[in-house]
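> Predicted model, plus sequence, below.
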Amino acid sequence: MRAVWLKEFGGPERLVPGEAPDPVPGDGRALVAVEFVNITFVETQMRAGAGPSPVKWELPVIPGNGVGGVVTAVGPGVDEGLIGRRVVSGTGGTGGYAELAAVDAGGLFEVPDGLALDDAVALLADGRTATMMLRAARPRPGERVLVEAAAGGVGTLLVQLAKAGGATVVAAAGGPHKAEVPMRLGADEAADYREPGWAEKVGDVDVVFDGVGGEVAREAFTLLRPGGRMVSFGLASGEWAGVPEDEAAGRDVTLVRAEATQEEMREFTRSALAEAAAGRLRPVIGQRYPLGGAADAHAAIQSRSTVGKTLLEVR
């Protein structure tokens, strides 16, 4: 099968197309003919050898942790009725940038009728994360909510979910062209956090969804009213917010830790897929690359030029 290999840590050019043996589904596993692959920002860090500790790929490796396609075979102990079904699934961390992937059959999600497979792949990780963040912070109708990295995969979903729940949504994005994306999704206001003084222009908020970290997140923290909540889902800046707990407590602000069991995480994914199938949630797929263009996809993500989700199209 065709695949993309990483044999040395480094820049995007280290991702090289090549051949690999076809995987065989063992006990409890299913073989998926991959059509779309989800690429995450964290994967660009891991490719460079700087991924979040303690996870580090053992080289050589085929990267990729989120795929969508059709089940073509199953191993012992797996219902043969899955064969021919459209599914999305995590791979366990590697093996996704390929034409075929053998995955844990217990981790499959069948794609609901009426939902396109590429949309389902775009929701696999980001839909789960956005739903978890929303339930952790619990914005109430009428509250003012700030979504950082609002043009990204998770941010675009948070904008829609918070707005659907009755909140007033302020979308913060890095650049004027990116700020336009959440406005098209229903955000009430938009701000460019690359502009000096952006936080003062935003004003007070009740909830901060922090997808940037670093100085942007620390500025956003200062906007929270007493009783406000801040929850972090990403560190596009390369560092977490680092707001001290005692400083938050002194301002009567809660730094929310989003936690969930494995089954709750699965329910978050099912919820996002169901909302999308019903037409109430729309993932933004901003970029598509062929399987052999994985290096270009990583370069685009690193350059901060992307919006929404970036996918590889395999078939």
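Structure's in. What do you need?

> Who are the contact partners of Ala167?
By Cβ atoms under 8 Å, 6 or more residues apart in numbering, the residues touching Ala167 are 139-145, 207. From N, CA and C alone the C-beta is placed, and that goes for glycine too.

> try it again with 7 Å
When contacts are counted by Cβ atoms under 7 Å, 6 or more residues apart in numbering, Ala167 is found next to 139, 141, 143, 145.

> Strands - which of the residues you listed land there?
Val145 (DSSP state E).

> So among the contacts of Ala167, which ones count as buried?
Buried members of these, counted by 16 or more other Cβ atoms under 10 Å: 139, 143, 145.

> any idea of the pLDDT on the first one?
What the model reports as pLDDT for Pro139 is 98.

> Quick check: it touching Leu161?
No: if you go by Cβ atoms under 7 Å, Pro139 and Leu161 don't touch, sitting 9.0 Å apart.

> Of all pairs in the contacts of Ala167, which one is the farthest apart?
Within the contacts of Ala167, Pro141 and Val145 form the most distant pair, 10.8 Å apart (Cβ to Cβ).

> Can you get me a residue count around the closest residue to Met230 other than its chain neighbours?
Nearest residue to Met230 in three dimensions, chain neighbours excluded: Val208, at 4.3 Å (Cβ to Cβ, 6 or more residues apart in numbering). Val208: 29 surrounding residues under other Cβ atoms under 10 Å.

> which residues pair with Val208 across the strands?
Counting by DSSP bridges, Val208 is bridged to Leu146, Met230.

> Distance-wise, check it relative to Met1.
44 Å (Cβ to Cβ, to the nearest Å).

> is it true that Asn38 touches Ala125?
Yes: using Cβ under 7 Å, Asn38 is in contact with Ala125, at 6.0 Å.

> Just list what whichever strand or helix holds Phe36 packs against, helices and strands only.
Under the criterion of DSSP states H and E, Phe36 resides in strand 29-39. Packed against strand 29-39 by the contact rule (3 or more Cβ pairs under 7 Å, 6 or more residues apart in numbering; DSSP states H and E) you find strand 66-74, strand 100-104, helix 117-137, strand 309-313.

> tell me what the last one is packed against?
Contacts of strand 309-313 with other secondary structure elements, assessed using 3+ Cβ pairs under 7 Å, 6+ apart, are made with strand 29-39, helix 117-137, strand 285-290, helix 294-302.

> Parallel or antiparallel, which strands does the first one pair with?
Right, strand 29-39. Here strand 29-39 has these sheet partners by DSSP bridges: strand 66-74 (antiparallel), strand 100-104 (antiparallel), strand 309-313 (antiparallel).

> Please apply the same query to the shortest one.
Sheet pairing for strand 285-290, assigned by DSSP bridges, gives strand 309-313 (parallel).

> and the direction of the partner strand versus that of helix 294-302, what angle?
Angle, strand 309-313 to helix 294-302, by axes from the mean of the first three to the mean of the last three Cα atoms, to 10 degrees: 180 degrees.

> Okay, buried residues for stretch 220-240 please.
220-221, 223-224, 228-237.

> whoops, stretch 262-275 was the one
Those would be 267-273, 275, for stretch 262-275 by 16+ other Cβ under 10 Å.

> Which ones among those map onto helices?
Judged by DSSP state H, the subset of those located in helices is 267-273, 275.

> Format those as JSON lines; extra columns: pLDDT.
Formatted as JSON lines, those follow (pLDDT from 0 to 100):
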{"residue": "Glu267", "pLDDT": "97"}
{"residue": "Phe268", "pLDDT": "97"}
{"residue": "Thr269", "pLDDT": "97"}
{"residue": "Arg270", "pLDDT": "97"}
{"residue": "Ser271", "pLDDT": "97"}
{"residue": "Ala272", "pLDDT": "98"}
{"residue": "Leu273", "pLDDT": "98"}
{"residue": "Glu275", "pLDDT": "97"}
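
> what about Val147, how many neighbours?
When neighbours are counted by other Cβ under 10 Å, Val147 comes out with 36.

> Domain boundaries for the chain, per the record?
2-110+284-313, 125-256 (automatic domain parsing).

> right, so of these, which gets closest to Gln262?
Gln262 lies closest, by Cβ to Cβ, to one member of the domains of the chain: domain 2-110+284-313, at 9.6 Å.

> quick check: mean pLDDT across the closest one?
Rounded mean pLDDT across domain 2-110+284-313 is 95.
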